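Chemist: only the shape, not the letters, is given here:
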């Protein structure tokens, strides 16, 4: 299957400061890719290059088979900016109607589109009276106009409450099922992990990790931690059997690498007569994310 | 292409209507025109011109100031406002060319300007003709003033868009617009007059002065209307030089300026990186 978006060896500097260094990525039709990174990691810059708003210094980019910013590419790409802003004097309906006319779509569908993002009740009010979440929904509605083949969404869920977030990801699932390629950025790994097929982590303008969550977990090889709760007065016996354990808040903590996990568990289970409970705590998503975003960035 | 330009134009009309720009522009033109027609219709008969032609001469002097001002007020926000609100990046990811965006704004703002000019001049003409039915013979001069005012407005709309693209901040664009208005419409003439007086009929007055008048769209507008109208005699100041310059030259300047200013605006807007 050919990719909707292909970037190879992209580099962009702003007056000597490197914003993006040798970034390569592909997004296939129907694929949902999350772009993660802290502030200033280069996420928005990368998106603006893909949209053709700024030009790259070097590297090759193909958007739906065309150059970024080209009229053919723009006809197939939808964008949701980080803080979606609109003219406050226009109503939601007028704004969406305008965008539909620019995309040469029949404007009769404007109301239905606003209804899809839950804004039908406010369609005839001025955007100036909208809350941040409502403006974000206008932004989302305009990104759904026509049948975009690539959606570029810059922190799409900022300002949305948890219920709206869930609705939003359901919308995305539908779009991806119809064959749209989706590239979205986020600060939080916890939010996107179950909702995306591929994760990319940018740090200091470099792509420091890419893959599915299990792949990243394996690559990071962060230690597993285990918490042992001893039966009364058996602590010292267990400390003797497991010399690596540390006493923390009345429980015993033990960490080991992924490879040693089963062997360690076997040793623990041999002590089962003296144990009340064992908890195995895998590295959290935030741990994995910090591991990658710190590795090269700082 | 046409559909996208019209889409932008209708959106801009909505915005201008909500921001009261339509109302402000129309009221400004009507009030000033009525005041002038009341004041300007006093001296008649002796000049051998009909009342309306005299009013047109006064309206010409008014429009030289007012039309550029209204045009700049409507246009200074056009690009800088989009940049400052953060709406420009999204708009530019749509399949619409930058010049189409400007063209849409131009269509809307010109339409508003036409409404304001028609309302102002129309009111003045109505009052004058009711007072003196013979004044209908001045309608040709009024019509000439109307279409040249629209061209003058379009010129300053283009200049406003260019300044707005250059400044990229609304406050900066507003400052530039007011500065340019003062410079082209007020100070330019004062400077020329001072130079003519100092030169005392020398090379400057005969060679440079006519060209300097033609180069300024506001002066070209005034020249054209005063040479074309029978009421040249009532005009004072720079208008006195009108007879020295052939009418086709001022017409050429009036017609060329909108194209120049809009081409300039499109060029500058193309360089704006969102």
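Modeler: That came through, no problem. All values reported here derive from a predicted model rather than from experimental measurement.

Chemist: from here on, just use CA atoms for contacts and neighbour counts.
Modeler: Will do.

Chemist: up against chain B, what does chain A have?
Modeler: Within chain A, the positions adjacent to chain B are A:51-54, A:69, A:71-72, A:74-75, A:77-81, A:84-87, A:89-90, A:94-95, A:98-99, A:101-104 by CA under 8 Å from any CA of the partner chain.

Chemist: for chain A, what are the nearby residues on the stretch 51-200 of chain B?
Modeler: Within the stretch 51-200 of chain B, the positions near chain A by CA under 8 Å from any CA are B:85-87, B:89-90, B:92-96.

Chemist: lowest average confidence, helix or strand, in the chain?
Modeler: Because you didn't say which chain, this covers chain A. Lowest on mean pLDDT, DSSP states H and E among the helices and strands of chain A sits helix A:189-192, with a mean of 75.

Chemist: hmm, no, I was thinking of chain B.
Modeler: Ranking every helix and strand in chain B by mean pLDDT, DSSP H and E puts helix B:203 at the bottom, with a mean of 77.

Chemist: look up phi and psi at residue 12.
Modeler: No chain in the question, so chain A it is. phi -140, psi 130 (degrees, to the nearest 10).

Chemist: I was thinking of chain B, sorry if that wasn't clear
Modeler: Here is the backbone geometry of residue B:12 (degrees, to the nearest 10): phi -70, psi -40.

Chemist: and the gap between it and chain A?
Modeler: Noted for residue B:12: a distance of 9 Å to chain A, by CA to the nearest CA, to the nearest Å.

Chemist: residues contacting that residue?
Modeler: For residue B:12, the contacting residues are B:104-105, B:108-109, by CA atoms under 8 Å, 6 or more residues apart in numbering or on different chains.

Chemist: return the distance of it relative to residue A:266.
Modeler: Using CA to CA, to the nearest Å, residue B:12 is found at 73 Å from residue A:266.

Chemist: if we can go back for a sec, next step: the residues of chain A next to chain B restricted to strands.
Modeler: A:77-80 (DSSP state E).

Chemist: quick check: next helix or strand after the biggest helix by length in chain A?
Modeler: Using DSSP state H, we find that the single longest helix of chain A is helix A:162-177. Scanning forward in sequence from helix A:162-177 by DSSP states H and E, the next helix or strand is strand A:181-186.

Chemist: re the thing from before, buried residues in the least confident helix or strand of chain A, which are they?
Modeler: A:189, A:192 (16 or more other CA atoms under 10 Å in any protein chain shown).

Chemist: that one - contacts with which helices or strands?
Modeler: Helices and strands touching helix A:189-192, by 3 or more CA pairs under 8 Å, 6 or more residues apart in numbering or on different chains; DSSP states H and E, are helix A:285-295.

Chemist: which other residues reach the helix it packs on?
Modeler: A:37-38, A:188-190, A:201-203, A:208-209, A:216-217, A:220, A:222.

Chemist: figure out how far the longest helix of chain A is from the centre of its chain.
Modeler: Distance of helix A:162-177 from the chain centroid (CA atoms, centre = their mean, to the nearest Å) equals 13 Å.

Chemist: and what of stretch A:184-196?
Modeler: On the basis of CA atoms, centre = their mean, stretch A:184-196 is displaced by 3 Å from the centre of the chain it belongs to.

Chemist: end-to-end on that stretch?
Modeler: End to end - CA to CA - stretch A:184-196 spans 9 Å.

Chemist: ok, and what's touching that stretch?
Modeler: Residues from elsewhere that reach stretch A:184-196 (CA under 8 Å, 6+ apart): A:31-38, A:43, A:151-156, A:169, A:199, A:213, A:285-286, A:289.

Chemist: one more time with 7 Å, if that's ok
Modeler: Residues from elsewhere that reach stretch A:184-196, judged by CA atoms under 7 Å, 6 or more residues apart in numbering or on different chains: A:32-38, A:43, A:152-155, A:169, A:213, A:285-286, A:289.

Chemist: give me the pLDDT for residue B:88.
Modeler: Listed pLDDT for residue B:88 reads 92.

Chemist: is it true that it touches residue B:78?
Modeler: No: using CA atoms under 7 Å, residue B:88 is not in contact with residue B:78, being 10.4 Å away.

Chemist: more neighbours: those two, which one.
Modeler: Comparing residue B:88 with residue B:78 by other CA atoms under 10 Å in any protein chain shown, the one with more neighbours is residue B:78, at 25 against 19.

Chemist: among the contacts of helix A:285-295, which ones are in helices?
Modeler: Per DSSP H, the contacts of helix A:285-295 map to helices at A:189-190, A:216-217, A:220.

Chemist: closest one to chain B out of these, please.
Modeler: The nearest member of the ones in helices among the contacts of helix A:285-295 to chain B, counting by CA to the nearest CA, is residue A:189 at 26.0 Å.

Chemist: ok, now how distant is the residue of chain A positioned farthest from its centre from chain B?
Modeler: For chain A, the largest distance from the centre (CA atoms, centre = their mean) belongs to residue A:233, which lies 47.0 Å off. Counting by CA to the nearest CA, the gap between residue A:233 and chain B amounts to 65 Å.

Chemist: in stretch B:194-202, which residues are buried?
Modeler: Those would be residue B:196, for stretch B:194-202 by 16+ other CA under 10 Å.

Chemist: right, and residue B:84 touches residue B:172 too?
Modeler: No: taking contacts as CA under 7 Å, residue B:84 lies outside contact range of residue B:172: 11.3 Å.

Chemist: contacts for stretch B:117-125?
Modeler: Here stretch B:117-125 makes contact (CA under 7 Å, 6+ apart) with B:26, B:29-30, B:33-34, B:37, B:52, B:146.

Chemist: quick one: buried residues of it?
Modeler: For stretch B:117-125, the neighbour count (16+ other CA under 10 Å) marks B:117-125 as buried.

Chemist: give me the phi and psi for the residue minimising distance to the centre of chain A.
Modeler: Closest residue to the average C-alpha location of chain A: residue A:34 at 3.5 Å, with CA atoms, centre = their mean. Per-residue torsions, residue A:34: phi -100, psi 130 (degrees, to the nearest 10).

Chemist: for residue B:200, same thing?
Modeler: Here is the backbone geometry of residue B:200 (degrees, to the nearest 10): phi 50, psi 60.

Chemist: coming back round to it: sort out for me which of the buried residues of stretch B:117-125 are in helices.
Modeler: Mapping the buried residues of stretch B:117-125 onto helices (DSSP H) picks out B:117-125.

Chemist: can you tell me which of the contacts of stretch A:184-196 are buried?
Modeler: Buried subset of those (neighbour count, 16+ other CA under 10 Å): A:32-38, A:43, A:152-155, A:169, A:213, A:285, A:289.
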